[in-house]
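Colleague: Sequence unavailable; structure follows:
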């Protein structure tokens, strides 16, 4: 997979791809979830950039995929800093954020606790949470655990109906660099996360949009309901064929469906 790289202030290397850079629209920055690499949804991101006629940025978080860096002191704030530095390097003054799972927590942490040189206009939290969800079933310390984790990205009916696609996903998981120590550090980075009180203090009307499937087995739909309860003005994206989809949302509907749903929010 081809990609570009940049070096951060601490010497870490971040790998990224920017699709449709010539568009004049505000870029959409997609932030990966735990264990996830940009290769897992680069095809979706590229198609979304074309369908929406919008620049779309994807990248590998610290020390996973094609990115490299010290994770001995990995925190959510460190991942926020990495993301912000990449956006600054690309010269973006205005962005929208789309954070998937852990990526949604990174994005929300950025909005609440960090000052940036760029303006964040809207945030999509996709199958994510504003507090650390129960994680007793998450095991990323062994190959078996990671494969079990991968299966929980989807519901069993989807897997049964998309066996070839799921096999390719498993092969991609096995063939992409995902150090166990990085996956463990990502998991640990969410310990103690609780942003509910800070979220309550702001008006999120036309700023915060929740994408969450009711079949999510990793971060339950009740976390979406919690965000909607505490975040004044936040909206659940319902302009979809159904809310019965699993954790890795982008695989459940075609890119045209996702583009229409996201662009309606961005135009609000």
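Modeller: Received, thanks. Quantities reported herein were computed from a predicted structural model and do not represent experimental measurements.
Colleague: what pLDDT does the residue most central in space within the chain get?
Modeller: Geometric centre of the chain, nearest residue: residue 100, 2.3 Å, by CA atoms, centre = their mean. pLDDT, residue 100: 98.
Colleague: Look up how far residue 30 lies from it.
Modeller: As judged by CB to CB, to the nearest Å, residue 100 and residue 30 stand 7 Å apart. Just so you know, the C-beta spots here come from the backbone N, C-alpha and C atoms, and that holds for glycine as well.
Colleague: who touches both of the two?
Modeller: residue 41 (CB atoms under 8 Å, 6 or more residues apart in numbering).
Colleague: if we can go back for a sec, correct me, but the residue nearest to the centre of the chain touches residue 29?
Modeller: No - contact criterion CB atoms under 8 Å: residue 100 and residue 29 do not qualify, at 11.5 Å.
Colleague: which other helices and strands contact the strand or helix carrying residue 51?
Modeller: In the assignment (DSSP states H and E), residue 51 maps to helix 42-52. Other helices and strands packing on helix 42-52, by 3 or more CB pairs under 8 Å, 6 or more residues apart in numbering; DSSP states H and E, are strand 13-19, strand 28-31, strand 56-59, helix 255-266.
Colleague: Residue 129: which of the ones you listed is closest?
Modeller: strand 28-31 (14.1 Å; CB to CB).
Colleague: any idea how far stretch 17-28 is from the chain center?
Modeller: 18 Å (CA atoms, centre = their mean, to the nearest Å).
Colleague: typo on my end, stretch 256-266
Modeller: Per CA atoms, centre = their mean, the centroid offset for stretch 256-266 relative to its chain is 16 Å.
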